[in-house]
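> Any chance you could fold what I've pasted below:
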Amino acid sequence: MEEVKKAYADMILNAAKEAAALVMAAERRSWRLKKNLVSTKEAAAQLLLRLKQMMDSKATESENILLNQQAKRLELESQLNEVEGI
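Numbering: from 1, shown residues only. Down below sits the predicted model:
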């Protein structure tokens, strides 16, 4: 009877060891996923900041082009008025 009890205890111990190993593996996977999530969020934030910088740069460039075109138009209108006035 002692041998049966010992075999049963060994089975329970082995099952507990396997369960503990599975839990530890799941915790390692969970930690890696959390780490990857943080890295992905950081990369996304950097990408959004870069995109905002690009958009701001393009907006500034467009404003400068518009101002230059308006100045050129005014200059040409002034020249036209001078020619028409002569």
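> helix/strand/coil for the residue positioned nearest the centre of the chain?
Nearest to the geometric centre of the chain sits A44, at 0.8 Å (CA atoms, centre = their mean). Three-state call for A44 (DSSP: H, G, I helix; E, B strand; the rest coil): helix.
> Might you report the residue contacts of it?
The contact partners of A44, by CB atoms under 8 Å, 6 or more residues apart in numbering, come to none. From N, CA and C alone the C-beta is placed, and that goes for glycine too.
> Please tell me how far it sits from A25.
Noted for A44: a distance of 28 Å to A25, by CB to CB, to the nearest Å.
> Please give the number of neighbouring residues around L33.
Residues lying near L33 (other CB atoms under 10 Å) number 10.
> repeat for W31
When neighbours are counted by other CB under 10 Å, W31 comes out with 10.
> so which helix or strand takes in it?
Element membership for W31 (DSSP states H and E) is helix 2-85.
> and that helix, how far from the chain's centre?
Its chain's C-alpha centre and that of helix 2-85 lie 0 Å apart, by CA atoms, centre = their mean, to the nearest Å.
> and if you look at stretch 79-86?
Worked out by CA atoms, centre = their mean, stretch 79-86 lies 58 Å from the chain centre.
> CA-only coordinates of that stretch, as PDB, when you get a sec.
Output of stretch 79-86 as PDB, limited to C-alpha atoms (Å, rounded to 0.1, in the frame of the first residue of the first chain):
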ATOM      1  CA  GLN A  79       4.300  97.100 -63.200                       C
ATOM      2  CA  LEU A  80       1.100  96.700 -65.300                       C
ATOM      3  CA  ASN A  81      -0.400  99.800 -63.800                       C
ATOM      4  CA  GLU A  82       2.800 101.800 -64.600                       C
ATOM      5  CA  VAL A  83       2.700 100.600 -68.200                       C
ATOM      6  CA  GLU A  84      -1.000 101.400 -68.500                       C
ATOM      7  CA  GLY A  85      -0.400 104.800 -67.000                       C
ATOM      8  CA  ILE A  86       2.200 105.800 -69.500                       C
END
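> For it, give the mean pLDDT please.
Across stretch 79-86, pLDDT averages out at 87.
> just stretch 15-32 next, same as before
pLDDT averaged over stretch 15-32 gives 98.
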